[in-house]
Every structure is written in structure tokens, then in C-alpha cells.
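*Asks:* Build the 3D model from these lines:
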Amino acid sequence: MDNEESPPTRRQLQARETRARIYEAAWQLIGEEGYEETSVERICRRAGIAKGSFYHHFSNKADLIVEGYSICDRYFEDEVAGRLVAEGAPERIVEFLGYQVRYAADLGVDLIRQVYKAQIENATRFFISPDRGLPSILRRIVEEGQAKGELRADLGVDYIVDYVLRFSRGLIYDWCLRGGDYELEAVADESARRLVAIFAAA
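*Replies:* Here you go, the predicted structure:
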């Protein structure tokens with residue numbers, strides 16, 4: 001039996017293109033004017049679509065933030081998972097965190113500020129879900145590291161994963177709080193190396 005997926009229909013391709021156009025227009029406006037000042041109406045005008053089309057793809061403006069994290073997760077699944085080259089789990093955690101902060105730095109401090117603000121105000125559980133792509137990759141690193149005796153076995157996988165992600169969120173938040181006035185990747189690398197020493201096996 002042929003289990004290959006059928007190619008997308010023209011309608012499906014058009015829907016994907018429209019969704020991507022909405023997302024791109026929204027993030028352009030958010031970057032230019034801020035999340036609060038960006039209305040659905042202005043997003044639609046920038047994207048060249050009717051307002052009804054927006055609500056066909058997104059329930060509200062906050063859904064755009066979730067979409068952004070879905071795209072981030074796909075990036076980690078496609079570009080990071082299975083491609084870490086560092087030797088040993090502690091070094092792979094540092095490398096993983098490097099990808100995470102580089103992604104934030106590439107988006108820019110203004111956009112990341114809006115992402116954090118929207119997360120807090122909309123309080124969706126999606127952002128801290130352990131089933132997302134990004135934490136799932138980190139979980140695999142930790143599990144493999146414990147199995148090989150590279151990471152402490154007296155601490156649970158969930159504990160280590162949550163600890164590392166709290167660290168990275170806090171670091172990116174501090175960078176935003178200070179207006180991006182330091183080199184995020186360099187500070188993250190130095191700080192991450194200190195962090196992983198806590199979890200490295202003796």
C-alpha cells in the first residue's frame with residue numbers, strides 16, 4: 001500500500017500562502033509600531049486581504065504570537081534537531097541555547113519584547129507546553145546525556161529541562177529589559193557554560 005501523502009491541492013497552497021502573508025504583514029507592523037498599536041484592520045490592509053480572511057486563519061491577534069512560536073518550533077525541528085555537533089550533553093546544551101538566543105537576536109529586541117508581553121497578557125499554556133518542539137529537543141539531549149552518564153542522574157529530566165528553559169527565558173528577558181545593549185550570544189555562551197556545570201556528572 002502506498003503510504004505517501006498526497007500533494008497539497010491548489011486551495012491548500014493558496015491557504016498556506018495567505019496565512020504566511022498575514023503573519024509576515026503582522027510582524028512587520030508589530031516591529032514598526034508595537035503589538036498594541038497594530039490592529040487586525042491594518043494587518044489586513046498590509047497583507048492585501050479581506051478581514052474575513054484573517055479570521056479564517058486566526059481567531060484573534062494573539063494567535064499570531066502562537067503562530068510565531070510554532071514557526072520557531074519548526075525551525076528547531078528542521079534546523080537544530082539531530083544537527084548538534086558538540087561532544088557530550090553539557091556542550092550540546094550550550095550549543096542548543098546558542099541556537100535559541102541567536103533566534104531571538106535575529107528577530108530583534110523590539111519584536112521579542114512584544115512576544116514576551118503578549119505571552120504574559122494572554123497567558124496561553126502553549127508557550128510553556130513541554131510538548132512543543134523546542135523543549136522536546138532539549139529533553140532528548142538530557143535523556144541521552146543521563147543514559148551515557150554525562151549528566152547527573154539524581155535529578156529528574158523534567159527538572160533539568162525546566163531549569164535550563166527558565167534560565168534561557170530569563171536571559172532573553174534581561175536582554176529585552178536592557179534594550180538589547182549587550183551582545184546576547186556572547187553573554188549566553190559564557191552564562192550557559194556556568195549553568196551546565198551544575199548538571200554535569202562528577
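
*Asks:* who's in contact with the longest helix belonging to the chain?
*Replies:* Ranked by residue count, the top helix of the chain under DSSP state H comes out as helix 10-33. Applying C-beta atoms under 8 Å, 6 or more residues apart in numbering, the contact partners of helix 10-33 are 8, 38, 42-44, 46-49, 53-54, 57-58, 61, 64, 67-68, 71, 108, 110-111, 114. The way it works is simple: take the backbone N, C-alpha and C, and place the C-beta from them, glycine included.

*Asks:* Next step: those residues restricted to helices.
*Replies:* Short answer: the contacts of helix 10-33 in helices (DSSP H) are 42-44, 46-47, 53-54, 57, 64, 67-68, 71, 110-111, 114.

*Asks:* Just the buried residues of those.
*Replies:* For the ones in helices among the contacts of helix 10-33, a burial check counting by 16 or more other C-beta atoms under 10 Å picks out 43-44, 46-47, 53-54, 57, 64, 67-68, 110-111, 114.

*Asks:* Export those to TSV and append columns for distance to residue 153 and pLDDT.
*Replies:* Output for those, formatted as TSV (distance: C-beta to C-beta, whole Å; pLDDT from 0 to 100):
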residue	distance to residue 153	pLDDT
43	49	93
44	53	95
46	52	94
47	51	93
53	52	91
54	50	92
57	46	90
64	41	80
67	38	74
68	36	73
110	42	79
111	39	77
114	40	74
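
*Asks:* and the residue nearest the centre of the chain, what does it touch?
*Replies:* In the chain, the centroid-proximal residue (C-alpha atoms, centre = their mean) is residue 72; its distance is 4.0 Å. Counting by C-beta under 8 Å, 6+ apart, residue 72 touches 103, 133, 134.

*Asks:* so what's the last one closest to, chain neighbours aside?
*Replies:* Among residues not flanking residue 134 along the chain, residue 76 sits closest, at 4.8 Å (C-beta to C-beta, 6 or more residues apart in numbering).

*Asks:* Run through the protein and note the low-pLDDT ranges.
*Replies:* Per-residue confidence for the chain (pLDDT under 70) gives these ranges: 1-5, 122-127, 130.

*Asks:* One more pass at 90, please.
*Replies:* By pLDDT under 90, the low-scoring segments of the chain are 1-16, 19-20, 23-24, 26-38, 58-84, 103-104, 106-135, 202.
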